[in-house]
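# Give me the fold of what follows.
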Amino acid sequence: MICRRPHVGNLDLHMTPILKPAPLETDNQIGIEALDEEIEATILLIKVHLLKPIKTAESGVFAPPILHTDTIDKSKSRKGSIIVFDDQPMWNVPPQELTRRDSLVELTKTINDQSGNTHLITKYWESAHKYKPPVFSARYRNESDVPPPVIRDHLVIEEFPAGQISTAWINMVKQGLSEWIKVPVIIARGVQPGPVVGITAVVHGNELNGVPCIHRVISDIDVSRLKGTVVAVPCVNVPGYLSFAREFSDGKDLNRYFPGNANGTASQIYNHNIFTKIIKQLNYLIDLHTASFGRVNSYYVRADMNDPISAVFAKLQQPQVILHNSGQDGTLRSACASIGIKAITVEIGNPQLFQNQFVQWSYQGVMRILNYLTMFKSDMDELTAGVPLTIVCSRGFWIYTKTGGVLEVYPQVNTIVKKGQLIARIKNIFGNIVDEIYCPNTGVNIGRSSNPVAMAGDRILHLGIIRKENEVLAAEAKENY
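As a prediction, this is how the structure comes out:
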């Protein structure tokens, strides 16, 4: 394909298909005979105006924004700032370029309507792709084979047949209509004895990436080769899930009140029933989370790295970051640890959406754990891929705002940030900068705020302090959630 720019016309480039490459002799001569028949081709023209931090290894190194003032009359301008967000790749485009798009072609068509108007402009995206629906062969093996659920007051694994996948609704608490709030449970029971591994998702109602992860794990397990049982709870916080909210129906964060209280508040009673009716039957737990509203996360794991089994589980996830966190904070993971259930928390991306890459990573991590426990060996080669350069952090903490305004956070997740670097600015609604936030320590950006509207005391950036060689991890390591 030879492309050349015409002297006249509305199109940027004129494309002529040829038999084989040949040099252009002049501007008006192709140099080889053109094909008579039309050939369908896709041409992607990319014009990039983008300054990004230079990446090294698996994690990038954050470069703070630089304000270019060589063309600015400082006497007539005020101090500016630059917003660098993942969903705003055009942040460094000159203003005059923002009015045009190279991939948007304007075609002038003469259209006569009843009023006599002509030369109406029609715009279309040249780079649009043709949709191809999924074929039936792309469905997971067991996607249509899961039986209808039964209703139970308590999960008793022995009630479900070995060598089958079963589903159940477990009654938790009664709501305002005196009807049960029921929690869905999937039981994959192998034909041979073995441990019971639990997988939970949606403890926070808007953290959804764990749902398709569970679906794929259950779909890919062949129970005839499974030793033990996998108990999956794709939605723990049913009221939060239905209202697209992180919290339970009483406004409380369920993951601060485990193991619950039979005589407590609504959320405490709900947690008590979740823990006693389901969780206590497990030997191991993988608790799947994401960032919450207004925040974005790297792919990372919280685990007590002083516990040998939890440390192995965390490494088998092959995350970008492992954060040492001993628990003792009301989370489901810490409640499990208090009664001897080995557990990790896997943070897989962002809230209220499905992210295929994060789902794939977490699925692979779960399958590696099942393989490590000799419960199920997957045939997928991708599970044995090379170990990534995971960063282990001895502790982590959130940096918070001291005043409110329009928040701009600069470092992307999974980048190294150095002490003293500018990481965020806050403007008032008129555009004046009212505060600048600098990094207090060198570390890795585990997660950050994506919500520009900030109150005083809102989160800015989740900083992980990278573990030093031979550093002894604290017996009690918590975070300032």
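# Helices of the protein, residue ranges please.
Assigned by DSSP state H, the helices in the chain fall at 210-220, 238-242, 266-277, 308-316, 332-338, 356-372.
# For the fourth one, buried residues please.
The reference is to helix 308-316. 310-316 (16 or more other C-beta atoms under 10 Å). Bear in mind the C-beta positions are built from the backbone N, C-alpha and C, glycine included.
# list the contacts for Asp329?
Listed by C-beta atoms under 8 Å, 6 or more residues apart in numbering, the contact set of Asp329 reads 256, 478-479, 481.
# Just the endpoints, please. Distance across stretch 212-231?
Terminal residues of stretch 212-231 lie 15 Å apart, using C-alpha to C-alpha, to the nearest Å.
# Can you list the buried residues in that stretch?
Within stretch 212-231, the residues that count as buried by 16+ other C-beta under 10 Å are 212-221, 223, 226-231.
# try stretch 283-295
283-292, 295.
# for that stretch, how far is the first residue from the last?
End-to-end distance of stretch 283-295 (C-alpha to C-alpha): 32 Å.
# circling back: turn the buried residues of helix 308-316 into TSV, columns for pLDDT and distance to Thr200.
TSV is the format used below for these (pLDDT from 0 to 100; distance: C-beta to C-beta, whole Å):
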residue	pLDDT	distance to Thr200
Ser310	97	16
Ala311	97	20
Val312	97	19
Phe313	98	14
Ala314	97	16
Lys315	96	20
Leu316	96	18
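# Closest to Gly330 out of these?
Of all those, Gly330 sits closest to Ser310, with 17.8 Å by C-beta to C-beta.
# quick one: contacts for the closest residue to the closest one other than its chain neighbours?
In space, and not counting its chain neighbours, Ser310 is closest to Ala303: 4.5 Å by C-beta to C-beta, 6 or more residues apart in numbering. Neighbour list for Ala303: 310-311, 313-314, 322-325, 344-345 [criterion: C-beta under 8 Å, 6+ apart].
# mind listing what Tyr131 touches?
By C-beta under 8 Å, 6+ apart, Tyr131 lies in contact with nothing.
# My error: substitute Trp398 in the last question.
459-463, 479-481.
# Enumerate every residue touching the residue positioned nearest the centre of the chain.
By C-alpha atoms, centre = their mean, the chain has its centre lying nearest to Gly349, at 1.7 Å. Contact analysis of Gly349 by C-beta under 8 Å, 6+ apart lists 209, 290-291, 296-297, 299, 355, 358.
# For the nearest residue to it once chain neighbours are set aside, grab the count of nearby residues.
Leaving aside its chain neighbours, Gly349 sits nearest to Phe358 (3.7 Å; criterion: C-beta to C-beta, 6+ apart). For Phe358, the count of nearby residues is 23 (other C-beta atoms under 10 Å).
# check contacts around Phe358.
By C-beta under 8 Å, 6+ apart, Phe358 lies in contact with 209, 290, 299, 348-349.
# repeat that with 6 Å
By C-beta atoms under 6 Å, 6 or more residues apart in numbering, the contact set of Phe358 is 209, 299, 348-349.
# go on, Ser224?
Ser224 sits next to Val191 when contact means C-beta under 6 Å, 6+ apart.
# try it again with 7 Å
Residues counted as contacts of Ser224 (C-beta atoms under 7 Å, 6 or more residues apart in numbering) are 163, 191.
# so how far is Gly190 from it?
8 Å (C-beta to C-beta, to the nearest Å).
# pLDDT value on the spatially closest residue to Gln268 that is not a sequence neighbour, please?
What sits nearest to Gln268 in space, not counting adjacent residues and going by C-beta to C-beta, 6+ apart, is Asn261, at 4.1 Å. Looking at Asn261, its pLDDT is 97.
# Backbone dihedrals for Asn261, please?
With angles defined as degrees, to the nearest 10, Asn261 sits at phi -150, psi 120.
# That one: how many residues sit nearby?
Using other C-beta under 10 Å, Asn261 has 12 other residues around it.
# Please apply the same query to Leu389.
Neighbours around Leu389, by other C-beta under 10 Å: 11.
# Ok, the one 5 residues further on next?
Counted with other C-beta under 10 Å, the neighbours of Ser394 add up to 18.
# swap in Val196?
By other C-beta under 10 Å, the residues close to Val196 number 18.
# ok, now Gln175?
Gln175 has 13 neighbours, counted by other C-beta under 10 Å.
# Kindly report the same for the one 5 residues further on.
Burial measure for Trp180: 15 neighbouring residues, criterion other C-beta under 10 Å.
# beta partners of the residue lying closest to it once chain neighbours are set aside?
Spatially, and ignoring its direct neighbours in sequence, Trp180 is nearest to Asn171 (4.4 Å; C-beta to C-beta, 6+ apart). Assessed by DSSP bridges, Asn171 has beta-bridge partners Lys182.
# So, low pLDDT: which residues of the protein?
1-59, 66-128, 135-145, 380-388 (pLDDT under 70).
# Give me the buried positions along stretch 458-469.
In stretch 458-469, counting by 16+ other C-beta under 10 Å, buried: 458-467.
# and Cys213, what does it touch?
Residues near Cys213 by C-beta under 7 Å, 6+ apart: 288, 359, 362-363, 366.
# same thing but 10 Å
The neighbourhood of Cys213, defined by C-beta atoms under 10 Å, 6 or more residues apart in numbering, consists of 199, 201, 232, 234, 286, 288, 346, 348, 354, 358-366.
# Present the helices of the chain as CSV; the columns should include distance to Thr415.
Output for the helices of the chain, formatted as CSV (distance: least, C-beta to C-beta, whole Å):
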stretch, distance to Thr415
helix 210-220, 25
helix 238-242, 31
helix 266-277, 36
helix 308-316, 21
helix 332-338, 26
helix 356-372, 17
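# Quick check: which of those helices is nearest to Asn451?
helix 238-242 (18.8 Å).
# Touching the closest one from outside, list them.
172-173, 175, 181-184, 201-208, 211, 234-235, 245-250, 253-254, 266-267, 270.
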